[in-house]
Structure formats: structure tokens, C-alpha cells
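Participant: Sequence and predicted structure are below.
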Amino acid sequence: MVDNVVVTQIRLRPVAESDAAAIALIYNHYIEHSTVTFEQSCLTDNEMLQRIQAIRSSELPFLVLEHQGLVLGYAYASPWRARIGYRYSVESSVYLSPDSAGLGYGSLLMQQLLLQLTQAGYHAVMAGIALPNDASVALHEKFGMTKVAHFYQVGTKFGQWLDVGYWQLLLPNHKQDVGQHAE
């Protein structure tokens, strides 16, 4: 006999336009209360919807983590740079609702994001992390990302200068043609 069993329903799925408000709520927390992002004005639901649509139109993964129907986190990849020569490189982002940190949700999102990027044939994943941010550094290094750059005092928020580090991962089994293409 088992007493007090709690069934957790966690679901990872592609983002939907109807997620814009929940994602804006998560992101706006970081805008208002942290140096994780250098944005300083909260986004409207419509502004977040436009960002979601831009990522979806680039055909890169944008994932949502739900727990019992509530959006508790999200992760996505965006193009690294605009030039054609960067087409196999992306930048990753992961955000969790403030009360969801430390529960393994970031790892679930990152694992699925990297899997989808690998399956789609991407080669390099970069992550910019405003420093200090021990939790984000630990998450990225858990998945094999290594620090490749450190920029000192490149951003400012809440009256302080902030550093940014970049972590990188080369994905396995890159099979894209890297021959000559017009740039």
C-alpha cells in the first residue's frame, strides 16, 4: 500500500502563440528583479508574441515546459549571427518561473533543446550569461558547454556594470555540407 503519492505531470512541447502571456510573465520577472537580462522595460504580451513568431519563422526550436497545465519555463534557440556562414550556429536561452528553479526543469528544457538542435543538423550552440550567475553557469556546464569568452563591464543595470561570459558547445554528428556557398 502506498500513501501520499503525488503524480507530477510535466510536459515539454513546442511553443504556441497562446503561451505569450505566460512567457512574458516569466521573462518580465527577470527584467524587473535581476541582472540576467539587460532589458529594463517589461514586455507586453503582444511584444512577446512577436518574439515567439520571429523564432518560429526561423524554424528553430522554441519549447515550453508545463506542469499540470501551467507554463513554468521555456527554452529556445535563435540565430547566432545574420551572415550565411553562421547558419549552423545558434544561441540558446532558458528561463524558468522564479519558483521553479532547482527542480530540474532547466535541465529538461536544455536536454530537449540540444537534442532538437542536433537532430536538425546544427553545429555550434552559444549561450551568453550575465555574470555572476552560478545557476546558469552550472546548467550550461552540466551539458558540456565550456566558457570561451568573458567580456568585462559590457552592460549596465540597477546602477552597476555587469560582465557577460559566453559558453559554447559543438554538437555531435554534424552532417551539413560545409562546402563553398555564396555569402
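Facilitator: Perfect, I can see it now. Bear in mind the structure is a predicted one, so any value in this text is a computation, not a measurement. Numbers count the residues shown, from 1 in each chain.
Participant: Grab the nearest non-local neighbour of the residue minimising distance to the centre of the chain.
Facilitator: Residue closest to the mean C-alpha point of the chain, counted by CA atoms, centre = their mean, is residue 93 at 1.6 Å. Once flanking residues are discounted, residue 93 sits nearest to residue 76: 5.7 Å by CB to CB, 6 or more residues apart in numbering. Using the backbone N, CA and C atoms, a C-beta is placed for each residue, glycine as well.
Participant: Are we agreed that the one you found is in a strand?
Facilitator: Yes - the assignment for residue 76 by DSSP: H, G, I helix; E, B strand; the rest coil puts it in a strand.
Participant: Tell me which residues touch it, please.
Facilitator: Shown in contact with residue 76 (CB atoms under 8 Å, 6 or more residues apart in numbering): 15, 55, 60, 61, 62, 63, 92, 93, 113.
Participant: and the gap between it and residue 125?
Facilitator: From residue 76 across to residue 125, the span is 12 Å (CB to CB, to the nearest Å).
Participant: rewinding a little: now the residue nearest to the centre of the chain, what's its secondary structure?
Facilitator: Assignment for residue 93 (three-state DSSP): strand.
Participant: okay, it: pLDDT?
Facilitator: On pLDDT, residue 93 comes in at 98.
Participant: go on, the one 10 residues further on?
Facilitator: Each residue has a pLDDT score; the one for residue 103 is 93.
Participant: please begin residue numbering at 655 from this point
Facilitator: All right, first residue 655 from here; so that's residue 757.
Participant: who touches both of residue 730 and residue 779?
Facilitator: Shared contacts of residue 730 and residue 779, defined by CB under 8 Å, 6+ apart, are found at residue 746.
Participant: Mark which of the contacts of residue 730 are part of helices, please.
Facilitator: 709, 767 (DSSP state H).
Participant: any chance of the contacts of residue 730 in JSON lines, with distance to residue 736 too?
Facilitator: Formatted as JSON lines, the contacts of residue 730 follow (distance: CB to CB, whole Å):
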{"residue": "669", "distance to residue 736": "22"}
{"residue": "709", "distance to residue 736": "15"}
{"residue": "714", "distance to residue 736": "14"}
{"residue": "715", "distance to residue 736": "19"}
{"residue": "716", "distance to residue 736": "19"}
{"residue": "717", "distance to residue 736": "23"}
{"residue": "746", "distance to residue 736": "18"}
{"residue": "747", "distance to residue 736": "18"}
{"residue": "767", "distance to residue 736": "21"}
